[in-house]
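>>> Sequence plus predicted model, see below.
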Amino acid sequence: MDKKIICKDCKAEFLFTEGEQQFYKEKGFDNEPVRCPECRQSRKQQNNKGRR
């Protein structure tokens, strides 16, 4: 079943789909995402800029 989660950064509601939940489980991730896909992508880009 899909889960509705509120993004930690922008406070937007997003769905954590069954497929994503299965992927997280297969990868051994214990925690659900706390950021929406847009904020995750933005944060990832910011982190990569600092590693040059």
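Looks like it came in fine.

>>> drop to CA atoms for contacts and neighbour counts, all remaining ones
Noted.

>>> where does the chain dip in pLDDT?
51-52 (pLDDT under 70).

>>> How far off centre is the biggest helix by length in it?
Using DSSP state H, we find that the single longest helix of the chain is helix 37-49. Counting by Cα atoms, centre = their mean, to the nearest Å, helix 37-49 is centred 11 Å from the centre of its parent chain.

>>> Also stretch 17-30?
11 Å.

>>> Residue 4 - that's part of a strand, no?
Yes: judged by DSSP: H, G, I helix; E, B strand; the rest coil, residue 4 forms part of a strand.

>>> contacting residues for it?
13, 14, 15, 16 (Cα atoms under 8 Å, 6 or more residues apart in numbering).

>>> Pairing partners for the first one in the sheet, please.
Taking DSSP bridges as the rule, residue 13 bridges to residue 6.

>>> Neighbours of it, how many?
13 (other Cα atoms under 10 Å).

>>> distance of the spatially most central residue of the chain from residue 50?
In the chain, the C-alpha nearest the mean C-alpha coordinate belongs to residue 33, at 3.9 Å (Cα atoms, centre = their mean). To residue 50, residue 33 is 23 Å away according to Cα to Cα, to the nearest Å.

>>> Equivalent analysis for residue 13, please.
Going from residue 13 to residue 50 by Cα to Cα gives 29 Å.

>>> hang on, the earlier thing: for the residue nearest to the centre of the chain, list the residues it contacts.
By Cα under 8 Å, 6+ apart, residue 33 lies in contact with residue 16.

>>> Return the members of the contacts of residue 4 classed as buried.
For those, a burial check counting by 16 or more other Cα atoms under 10 Å picks out 14, 16.

>>> In JSON lines: the contacts of residue 4, plus distance to residue 28.
Output for those, formatted as JSON lines (distance: Cα to Cα, whole Å):
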{"residue": "13", "distance to residue 28": "24"}
{"residue": "14", "distance to residue 28": "22"}
{"residue": "15", "distance to residue 28": "20"}
{"residue": "16", "distance to residue 28": "16"}
